[in-house]
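> Could you work out the structure for the sequence below:
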Amino acid sequence: NGNDSMIIKNTNGVFYPSSLQFYGRGGVIDWSRTGLNPEEVYAEIPIFQITLKSPSVEVENAVYHNARYFSTPLIGKLEDKAVTTVVTFEKATYPRFTSYNKFITIRELYENIDYFGGIYVRGNAFIGKGSEQFLAQIHFKREGEVVVNTKSISFLLRDNTIESALCNTIVYIGEDSIYHSANHLRYNAPKKELWLIRGDDGSERMPFFDSYHKLDIYSEALFWNLNEESIEFKYLPGGGGVKTVVFESTDYFEQNRIDKIRAFNRTNPMHTLYEYYRINRVRKASLKDIADYFRYSESDIRSFLFQLVEYGFVDYNMLTDEITYQRKLGNYLLSEIGKKDYDILRFISSVPAQTSNASLSLLNFDLTINGIDLIVISDTQIVNVFPLDKKITMQKNRDFMFHGKVEAGLFDFWASNCKFTYENFKMDFAVIDSIVLYVEDKKEAPNYMGEYPLRRVRSYIEDISGTLYIDQQNNKSSRLNFPRYPYFESKSPG
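Sure thing, here's the model as predicted:
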């Protein structure tokens, strides 16, 4: 037609005018319609058949050549068709080629990047193709070591970029990792810039799981320039205002979350799901098996699971429709009935647009979190942190360093070089500039809870060091009452 054409070169065969059928033997179809060099990108085809009324061809056992990616050709299925719309290089969707081999390796697809999987060519789009059983993979390397492993059903591989709408990605941090099973991926090869982006739908809402710091990170994106020694948690470029990211302890508990999921159900569906995993002694299950156990439709159970995914109770791999049990599900149910300790640690970072909420150093794995006004360590013991410059340095297992003010019961500490130790649930103050004390003023009337107003003591203590013990280390929730806590132990005279 006048808009597009299909050309088969170097062929011969037999044409039947009565049926407008052409039976060909051998030939070559190239990708010149997409702007590619016909000497470098083409397919050799064996026998084929064409109906001239609607010129199209489907050929098995085609031999695909692409000098850029492969030193030897691939075998697969080829499709070509003349379409009726106007075709440009960018809009061309034919010819198409699908490799039979689903385990192709392309070393150095881009610098320090390897690809593993099948190949699907759709016009000018070169696509890494996998399946639910065998996902395609891309490995990003530094100094010969794999630092990012991402899997997907399809990767769009352009001249200078990689894109995927849905990936399962692990970023390695020493022996630990940051993980997300349903992120978008963008990579700019010349700049070596990698974006892993959380979405708003289904499993895309799950946090990034950080096993080193033991945090669930609700950031819009993870950004890494692979030339640099830091990973940023931030929002995508564009827009203004204030951007908020939440860094939440993996042992965080909030009753409201259970109530929200339970809603008007007579029994807690979280408990039903937990029982499924316990009874069947599995950690991974298919959507169908869970739907059958609940006796719900797959669409209904999927909506329920997406609620759990958002809080990190399960990992729903949308690429395979597999749901993996997370320790947090069982912990939440035990914490609700008082059989397991928990914490209330959330680090809420609010910064101006175009600013990183946090930066992870790859030299020592310290995570610097910016824009923090307040950290509630214990609401029962009334221990709060107000970081100077709104900044803390998070270390392994939720330990963190800071300067600033600490409220603890009837004491206010103004200190430098402070370290919160999660395991022992204490704070060490290397330098305390001053300690301010408060006392109950029983000359005034108490409030409706029987509490008297506090009055600040005029004198204060200066220039000492010591340790603040917040609560028993196995009582971070303060669900048990130990009247001694919180208490301060001085390590030097003031």
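
> Would you mind giving the secondary structure of the residue most central in space within the chain?
For the chain, the residue nearest the mean C-alpha position is residue 180 (3.1 Å; Cα atoms, centre = their mean). Here residue 180 is recorded as strand under DSSP: H, G, I helix; E, B strand; the rest coil.

> pretty sure it contacts residue 166?
No. Residue 180 is beyond contact range of residue 166, at 10.7 Å (criterion: Cβ atoms under 8 Å). Backbone N, C-alpha and C define where each C-beta goes, glycine included.

> Could I get the contacting residues of the residue nearest to the centre of the chain?
168-169, 196, 198, 206-209, 222 (Cβ atoms under 8 Å, 6 or more residues apart in numbering).

> how about a cut-off of 7 Å?
The contact partners of residue 180, taken as Cβ atoms under 7 Å, 6 or more residues apart in numbering, are 169, 196, 206, 208.

> Remind me what the helix or strand in which the first one is found packs against, helices and strands.
Which is residue 169. Residue 169 is part of strand 161-173, with elements assigned from DSSP states H and E. Contacts defined by 3 or more Cβ pairs under 7 Å, 6 or more residues apart in numbering; DSSP states H and E place strand 161-173 against strand 145-152, strand 154-157, strand 176-188.

> JSON lines for those, including mean pLDDT and distance to residue 264?
Converted to JSON lines, the helices and strands packed on strand 161-173 look like this (pLDDT from 0 to 100; distance: least, Cβ to Cβ, whole Å):
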{"stretch": "strand 145-152", "mean pLDDT": "97", "distance to residue 264": "38"}
{"stretch": "strand 154-157", "mean pLDDT": "96", "distance to residue 264": "40"}
{"stretch": "strand 176-188", "mean pLDDT": "97", "distance to residue 264": "28"}
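
> so can I have JSON lines of those showing distance to residue 125?
What follows is the helices and strands packed on strand 161-173, written out as JSON lines (distance: least, Cβ to Cβ, whole Å):
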{"stretch": "strand 145-152", "distance to residue 125": "15"}
{"stretch": "strand 154-157", "distance to residue 125": "6"}
{"stretch": "strand 176-188", "distance to residue 125": "16"}
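
> of these, which approaches residue 449 most closely?
Between residue 449 and these, the tightest spacing by Cβ to Cβ is seen for strand 176-188, at 43.3 Å.

> then that closest one to PDB, C-alphas only?
Listed next in PDB are the C-alpha coordinates belonging to strand 176-188 (Å, rounded to 0.1, in the frame of the first residue of the first chain):
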ATOM      1  CA  ASP A 176      22.600  -7.700  52.800                       C
ATOM      2  CA  SER A 177      20.300  -6.100  50.200                       C
ATOM      3  CA  ILE A 178      17.600  -3.700  49.300                       C
ATOM      4  CA  TYR A 179      14.700  -5.500  47.600                       C
ATOM      5  CA  HIS A 180      11.500  -4.600  45.700                       C
ATOM      6  CA  SER A 181       9.500  -7.100  43.700                       C
ATOM      7  CA  ALA A 182       7.400  -4.700  41.600                       C
ATOM      8  CA  ASN A 183       9.400  -1.700  40.600                       C
ATOM      9  CA  HIS A 184       9.700   0.300  37.400                       C
ATOM     10  CA  LEU A 185      13.300   0.500  36.000                       C
ATOM     11  CA  ARG A 186      15.000   3.100  34.000                       C
ATOM     12  CA  TYR A 187      18.700   3.100  33.100                       C
ATOM     13  CA  ASN A 188      20.700   5.700  31.200                       C
END
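
> Direction included, what does that strand pair against?
strand 161-173 (antiparallel), strand 193-197 (antiparallel), strand 208-210 (antiparallel) (DSSP bridges).

> could you check the angle strand 145-152 makes with it?
Angle of strand 176-188 versus strand 145-152, following axes from the mean of the first three to the mean of the last three Cα atoms, to 10 degrees, is 70 degrees.

> just to revisit the earlier point, can you add mean pLDDT, distance to residue 431 and mean neighbour count and give the strands paired with strand 176-188 back as CSV?
Putting these into CSV (pLDDT from 0 to 100; distance: least, Cβ to Cβ, whole Å; neighbours: other Cβ atoms under 10 Å) gives the following:
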stretch, mean pLDDT, distance to residue 431, mean neighbour count
strand 161-173, 96, 31, 20
strand 193-197, 98, 39, 20
strand 208-210, 97, 30, 22
